[in-house]
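>>> Test case, fold it:
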Amino acid sequence: MTHLTKVTLTRRSLLMASTAALFVGPLFARATNAQARSGGTLKIGRPADVSSMNIFTHATVEDEIVHPMVYDTLLYGARNELGYEPGLAESWTFDAATNTYAFTLRENAKFADGSPLTAADVVFSINESKEKSTNYKGLIAGIASLGATDARTVSVTLAGTDNLFLSGLLWVYIVPENYGGMTDEAFFATPNASGPFTLTEWTPGSSMTLTKNPNYWNAAETHLDAVEMRMIQGDNERLAAFQSGDIDLYENVRFDFLDQLPEANRHVVNPTARTMLMYTNNYRAPFDNIDARRALSLAIDRSAIAEALWPGLSTPVQGLLMPGTADTVPATSGTWDYDPAAAVAALAASPTPGATIRLSAAYIRAVDEVLVQAVQSQLEAAGFIVELNVSDFNTILGQVLGNDFDVWLIGNTTFGTTAAEMFNFYASAFGPLGGWNLEEIGAQLAEYRTAPDAAGRQEAVRKFENLMRETYSASPIGHPATVFGVANGVMGLETLVTTAYRLDKIWLDR
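This is a model prediction of the structure:
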């Protein structure tokens with residue numbers, strides 16, 4: 001357990017005041033209409049490695065960037081009303097009478113070894129995902145039957161109206177049928193790529209190299225020869241590597257480092273589909289009581305935190321489902337207002353006034369020392385006795401999975417471009433871990449799944465957000481943006497609200 005000296009928001013505000021005037025929304029406006037050039041190697045500095053090359057354990061933002069570059073998907077995430085666009089499937093049709101989709105694959109689809117990528121491979125991949133995916137099989141659980149109509153057509157019949165299914169296809173990564181005669185373990189060690197890049201070299205925790213796949217169906221529009229990724233966990237070390245030219249793309253720039261990057265070299269994702277969240281363990285005291293949860297929520301001055309830590313670079317609290325994703329809407333009842341007097345009264349009225357709680361956090365993705373200490377200070381003002389438990393992310397996650405936590409301060413980022421992925425995650429993972437009302441959340445997710453139109457989907461989301469605000473099952477703090485450092489000559493970077501980006505869209509002008 002690590003105890004840190006308290007600081008105030010005022011100190012952070014003073015440190016950042018000189019840069020606040022620079023933050024005016026998306027700042028990345030490079031001349032992407034210039035003629036794209038092929039060739040070259042992009043060098044990326046990352047705060048963390050992929051969790052695995054096994055597609056069924058997809059778990060991190062890093063996975064979300066690498067996996068679809070090696071393993072293609074039928075649909076791609078997109079910034080549009082639907083949240084997705086055609087990928088390996090060039091088109092699809094839907095028969096409402098039978099709840100059946102027919103997906104037509106790209107005519108020139110191949111694996112990296114030159115073998116054809118066919119509907120049989122897609123059927124195999126979907127079936128494997130239904131059985132083995134740890135995070136996403138719930139999104140495609142509504143499949144009643146599927147098969148290959150011909151070499152290029154996949155037919156999928158759903159059990160009924162299902163608004164989770166198409167979003168679920170964003171995580172069905174296409175591999176060869178029966179893994180090309182290999183075991184799945186052997187295949188994922190040396191995958192036969194279906195995406196724009198092949199895995200050339202990987203030293204876990206240190207570096208990874210991807211090389212252009214000449215047999216990818218859109219290889220003509222994939223401009224980079226290779227991508228080198230270096231895992232640089234230290235914030236200062238990543239900044240130094242970018243400033244020295246050792247890396248071209250600097251992921252997750254700390255907000256207090258922004259004044260060290262020229263404005264032209266910043267790429268801002270705002271809104272970012274991320275929620276800074278206080279996730280309570282409602283299975284045990286004090287947070288098994290609604291008054292204690294209410295006290296925790298009312299104690300947090302969200303506006304002051306946003307102004308001091310993320311000036312001009314955050315979205316006000318909307319809810320637990322992230323802004324910028326399709327179908328998300330704010331709650332219409334309940335409150336996450338700041339009311340310190342009411343917080344003190346609520347904790348005093350709970351069965352555990354003056355409760356000692358452990359605030360757990362890992363310094364990653366906008367969770368930093370000052371945010372943790374600000375939250376600690378505000379909770380203590382309400383009457384909580386707060387012990388800090390700061391460690392690496394995997395350690396904190398292990399404690400949460402083992403029910404060894406009181407409140408977890410986390411930057412929770414959705415991987416999905418619609419409400420479906422995170423809604424499903426809250427119902428299937430976060431809800432059970434935190435002791436939420438699973439019956440109500442499950443009913444709301446089912447309503448979302450079967451809604452006949454966008455209005456119906458949004459009403460289901462609104463019911464979920466209302467429940468969260470009324471029962472304080474978890475308390476959001478804010479939705480801070482994400483900033484990338486981008487070197488001169490790096491062109492074509494396009495980020496989703498999830499902060500994911502496609503390497504095959506990038507090219508070098510130098």
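>>> So for the closest residue to D162 other than its chain neighbours, what's the pLDDT?
Leaving out its chain neighbours, the residue that sits closest to D162 by C-beta to C-beta, 6 or more residues apart in numbering is G142, at 4.0 Å. Every residue, glycine included, has its C-beta placed from N, CA and C. The confidence metric pLDDT takes the value 95 at G142.
>>> Setting aside sequence neighbours, what's the nearest residue to N215?
With C-beta to C-beta, 6+ apart as the measure, K110 is the residue that lies nearest to N215, at 4.4 Å, once sequence neighbours are left out.
>>> Just grab the bridge partners of the one you found for me.
Under the criterion DSSP bridges, K110 forms beta bridges with P116.
>>> any idea how far it is from D184?
As judged by C-beta to C-beta, to the nearest Å, K110 and D184 stand 21 Å apart.
>>> How about F255?
With distances defined as C-beta to C-beta, the gap from F255 to D184 amounts to 41 Å.
>>> So for these two, which sits in the more crowded spot?
With neighbours defined as other C-beta atoms under 10 Å, F255 and D184 compare such that F255 has more, 22 against 15.
>>> does that one really touch L309, like I thought?
Yes. Using C-beta atoms under 8 Å as the test, F255 is close enough to L309 to be in contact (6.6 Å).
>>> buried sites along the longest helix anywhere in the chain?
If you go by DSSP state H, the chain has its longest helix at helix 454-471. Neighbour-count burial for helix 454-471, counted by 16 or more other C-beta atoms under 10 Å, picks out 456-469, 471.
>>> counting contacts, what elements does the very next helix or strand once past it pack onto?
If you walk from helix 454-471 toward the C-terminus, the next helix or strand you reach (DSSP states H and E) is strand 474-480. Contacts of strand 474-480 with other secondary structure elements, assessed using 3 or more C-beta pairs under 8 Å, 6 or more residues apart in numbering; DSSP states H and E, are made with strand 274-280, helix 290-298, helix 302-309, strand 314-315.
>>> how about whichever helix or strand comes after strand 474-480 as CSV, C-alpha atoms only?
Where DSSP H and E defines the elements, the next helix or strand beyond strand 474-480 is strand 482-486. The C-alpha trace of strand 482-486 is given here as CSV (Å, rounded to 0.1, in the frame of the first residue of the first chain):
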residue,chain,number,x,y,z
THR,A,482,-6.9,11.7,-25.0
VAL,A,483,-3.9,13.4,-26.6
PHE,A,484,-1.3,11.9,-29.0
GLY,A,485,2.0,13.3,-30.0
VAL,A,486,2.4,13.1,-33.7
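>>> what's the offset of strand 482-486 from the middle of its chain?
Here the centre of strand 482-486 is set off from its chain's centre by 16 Å, with C-alpha atoms, centre = their mean, to the nearest Å.
>>> same deal with stretch 368-384?
Taking the mean C-alpha point of stretch 368-384 and that of its whole chain, the gap between them comes to 25 Å (C-alpha atoms, centre = their mean).
>>> In it, which residues are buried?
Of the residues in stretch 368-384, those with enough neighbours to count as buried (16+ other C-beta under 10 Å) are 368, 370-379, 382-384.
>>> List the contacts of it.
Residues lying outside stretch 368-384 but in contact with it, judged by C-beta atoms under 8 Å, 6 or more residues apart in numbering, are 4-9, 12, 254, 276, 278, 295-296, 298-301, 305, 308-309, 340, 343-344, 347-348, 353-357, 359, 361, 363, 386, 388, 390, 409, 477.
>>> how about 7 Å then?
The set of residues that contact stretch 368-384 without belonging to it, under C-beta atoms under 7 Å, 6 or more residues apart in numbering, is 4, 6-7, 9, 12, 254, 295-296, 299-301, 305, 309, 340, 343-344, 347-348, 353-355, 357, 359, 361, 363, 386, 388, 390, 409.
>>> Equivalent analysis for stretch 453-462, please.
163, 321, 327-329, 331-332, 419, 423, 444, 447-448, 451.
>>> Buried among these? Make that a PyMOL selection.
Selecting the buried subset of these in PyMOL, with 16+ other C-beta under 10 Å as the burial test, is done by:
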select buried, resi 163+321+327+328+329+331+419+423+444+447+448+451
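>>> Report the two of the contacts of stretch 453-462 separated the most.
Spatial extent of those (C-beta to C-beta) is set by the pair N163 and T332 at 21.1 Å.
>>> Quick check: which element contains the closest residue to E177 other than its chain neighbours?
The shortest distance from E177 to any non-neighbouring residue, by C-beta to C-beta, 6+ apart, is to F124 (4.3 Å). For F124, the host element (DSSP H and E) is helix 119-132.
>>> for that helix, packing partners?
Packed against helix 119-132 by the contact rule (3 or more C-beta pairs under 7 Å, 6 or more residues apart in numbering; DSSP states H and E) you find strand 143-150, strand 153-158.
>>> So what angle separates the directions of it and strand 153-158?
Taking axes from the mean of the first three to the mean of the last three C-alpha atoms, to 10 degrees, helix 119-132 and strand 153-158 form an angle of 30 degrees between their directions.
>>> what are the C-alpha coordinates of helix 119-132, in CSV please?
The C-alpha coordinates for helix 119-132 follow below in CSV (Å, rounded to 0.1, in the frame of the first residue of the first chain):
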residue,chain,number,x,y,z
ALA,A,119,-16.9,-18.0,-46.1
ALA,A,120,-15.9,-21.2,-44.4
ASP,A,121,-13.1,-19.4,-42.5
VAL,A,122,-15.6,-16.7,-41.4
VAL,A,123,-18.1,-19.3,-40.1
PHE,A,124,-15.3,-21.1,-38.2
SER,A,125,-14.2,-17.8,-36.7
ILE,A,126,-17.7,-16.8,-35.6
ASN,A,127,-18.2,-20.2,-34.0
GLU,A,128,-14.9,-20.0,-32.2
SER,A,129,-15.7,-16.5,-30.9
LYS,A,130,-19.1,-17.7,-29.6
GLU,A,131,-17.4,-20.4,-27.6
LYS,A,132,-14.1,-18.9,-26.5
